[in-house]
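[1] this one's structure only:
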């Protein structure tokens, strides 16, 4: 079951995506997309993101069975901030 959260856009979308791509590469995760939308996968978590109206909308489509949602959301908020 997919879960979604939104976070305020705290910087330029291009800079946000560049930093997210850099972090994903350092962690051995997959990241593809641009300043408008994209996909990510790594450490058992998969999902999509979209940037619009001053917010980043993140939808997690797959996550480890035993991982609590709060932990996954917290880590992704850090990743996309």
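    Arrived safely. What you see is a predicted model, and the numbers here were worked out from it, not measured in a lab.

[2] count the residues that sit near residue 31.
    19 (other Cβ atoms under 10 Å). C-beta here means a position set from N, CA and C on the backbone, and glycine is covered the same way.

[3] for residue 13, same thing?
    Using other Cβ under 10 Å, residue 13 has 15 neighbouring residues.

[4] now do the same for it: its pLDDT.
    If you check residue 13, the pLDDT there is 93.

[5] how far away is it from residue 33?
    10 Å (Cβ to Cβ, to the nearest Å).

[6] ok, residue 80 next?
    Using Cβ to Cβ, residue 80 is found at 11 Å from residue 33.

[7] of those two, which one has the most company?
    Ranked by neighbour count (other Cβ under 10 Å), residue 80 and residue 33 place residue 80 first, with 21 against 16.

[8] report the buried residues of the longest helix along the chain.
    Criterion DSSP state H: the longest helix present in the chain is helix 13-27. By 16 or more other Cβ atoms under 10 Å, the buried positions in helix 13-27 come out as 16-17, 20-21, 23-24.

[9] and if you look at stretch 30-37?
    Of the residues in stretch 30-37, 31, 33 count as buried by neighbour count, 16+ other Cβ under 10 Å.

[10] since that was my last question, I'll sign off now.
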